[in-house]
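Novice: my questions are about this predicted structure, shown below with the sequence.
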Number of protein chains: 2
Amino acid sequence: MSTTLTYLGRGIGHGIGHGMGSADDVTRPGPSPVPASPRGAEAARPPCSSDDLIELLFFAYRDFVGDPDRILAEYGFGRAHHRVLHFVDRYPGLTIAELLDILRITKQSLNRVLKDLIGQGYVAQQPGTSDRRQRLLFCTGRGAELAADLTRVQARRLARALTSPGDAATPEGFLMAMIEPDERAAVRRLMDRRGQGHGQGAA
Amino acid sequence: MSTTLTYLGRGIGHGIGHGMGSADDVTRPGPSPVPASPRGAEAARPPCSSDDLIELLFFAYRDFVGDPDRILAEYGFGRAHHRVLHFVDRYPGLTIAELLDILRITKQSLNRVLKDLIGQGYVAQQPGTSDRRQRLLFCTGRGAELAADLTRVQARRLARALTSPGDAATPEGFLMAMIEPDERAAVRRLMDRRGQGHGQGAA
DNA sequence: TGAAATATGTCAACGACACTGACTTATCTC
DNA sequence: GAGATAAGTCAGTGTCGTTGACATATTTCA
């Protein structure tokens, strides 16, 4: 999700393996219907497929991370800073190694953002007590404040989606409720287009 | 999530506005308990807070996009290619403008990956019928195949999580089930650390 | 005690994927 | 024919991930 199925760049090789078919047939194999509705949840209206959920997850996640993004931008921070701040705030005394294990990034990447957060007084370090090689991480008051702000907007969206009327019980209802209200109509319009002759409508 | 709260880089200003407190107090304000368990879902065991869900969403999303990442790497593609391929596959005849609106990226960014996909025969273009300025996008057979492969792994994880025994009914149960099985224990161990004196344990 | 392992930090280079700004080319609309 | 619109492109930049190599404390162990 623009976030888009989100993405976070990944190391990527460079082999175009698996190529096997010709390349000019502009057709759709028609298969891939993927066993629709995995569970017995096909009670109500539209039988929501796994495919639909994947897509809704894309849109929901996009808006979910969009909230904090706006706040972070005011501070000159990015998502990487958010992640670090979040975990340090929630688990005070976290070591570098633990943080690396949680985030699954290299220490070079971590250090870049951690340096910003420490340099600007959002995070503080403290040598480990039993092992002085370690650097235990803590949020300063200012850091905890920012972390709380970021958590607040995400928790709000989550809470609204969980308490939304009616269909919050189904996965698709929950995900739709996570999407920014103004954009739900557009998403519904898009998804309704499935199967029908390509309507190539509006913009 | 490596993938992280996912990821997508964002344009960022550069003002450190809002600074207001001193910066050396290594304390935690203790507040931010955020109204735990929003809904009446506090039936069973641990009263899962919004904060916990935010964190679980991080881990779940990380693993959710990790599956396709591995496949994409074999083709020399990244997440940006995945997103384009996914939407073109699902909505054949999509125009550039529509795709830009869905992905929320600039046309320069879109063009970079679209050029790869078209050049390697995964996507084909076709001038619009009513408006020949448009370029309608379609997957080739090869493109549809790759899209199906990518959807398959994500749908599988989703289906497993939705049909997982017991707690798949609660949001936290569902999210935990979305996490790679091997890593659930580590996540539980981490989250159990909340509140308790910082255990700074293992790695 | 001294060698090896561990925890952290850092320099340098690079890749993926966003962004802005400016400009071109078709094509459609009025 | 003028102006708007759909798309493509060149050039530069920024965030955040990567690899590889190396430096520095500190702990552990033979």
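Specialist: Received the coordinates, thanks. Quick caveat: nothing in here was measured; it's all calculated off a predicted structure.

Novice: what separation do you get for A:Glu180 and A:Arg70?
Specialist: According to Cβ to Cβ, to the nearest Å, A:Glu180 stands 12 Å off from A:Arg70. Placement of C-beta: from N, CA and C, glycine included.

Novice: more neighbours: which of those two?
Specialist: More neighbours surround A:Glu180 than the other of A:Glu180 and A:Arg70, with 16 against 10 (other Cβ atoms under 10 Å in any protein chain shown).

Novice: without its sequence neighbours, what residue ends up closest to that one?
Specialist: A:Asp63 (4.6 Å; Cβ to Cβ, 6 or more residues apart in numbering or on different chains).

Novice: and A:Gln126, which of the three is it?
Specialist: Classification of A:Gln126 using DSSP: H, G, I helix; E, B strand; the rest coil returns strand.

Novice: wait, what's in contact with the residue nearest to A:Glu180?
Specialist: A:157, A:178-180, A:183 (Cβ atoms under 8 Å, 6 or more residues apart in numbering or on different chains).

Novice: same question, A:Lys115
Specialist: Counting by Cβ under 8 Å, 6+ apart, there are no residues that A:Lys115 touches.

Novice: element containing it, please.
Specialist: helix A:107-119 (DSSP states H and E).

Novice: can you get me a residue count around whatever residue of chain A ends up closest to DNA strand D?
Specialist: Using Cβ to the nearest atom of the strand, the single residue of chain A nearest to DNA strand D is A:Gly78, 1.7 Å away. Per other Cβ under 10 Å, the neighbour tally for A:Gly78 reads 19.

Novice: you'd agree it is up against A:Arg70?
Specialist: No. Using Cβ atoms under 8 Å, A:Gly78 is not in contact with A:Arg70, being 11.9 Å away.

Novice: now the contacts of A:Asp63 as CSV including secondary structure and pLDDT?
Specialist: Below are those laid out as CSV (DSSP: H, G, I helix; E, B strand; the rest coil; pLDDT from 0 to 100):
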residue, secondary structure, pLDDT
A:Arg157, helix, 95
A:Met178, helix, 95
A:Ile179, coil, 95
A:Glu180, coil, 95
A:Glu183, helix, 94
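
Novice: whichever of those end up buried, select them in ChimeraX.
Specialist: Here is the ChimeraX command that selects only those of the contacts of A:Asp63 that count as buried (16 or more other Cβ atoms under 10 Å in any protein chain shown):
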select /A:157,178,179,180
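
Novice: pick the one among the contacts of A:Asp63 closest to A:Arg189.
Specialist: A:Glu183 (10.3 Å; Cβ to Cβ).

Novice: any idea how far that closest one lies from A:Val153?
Specialist: From A:Glu183 to A:Val153 the distance is 17 Å (Cβ to Cβ).

Novice: kind regards, and thank you for your time.
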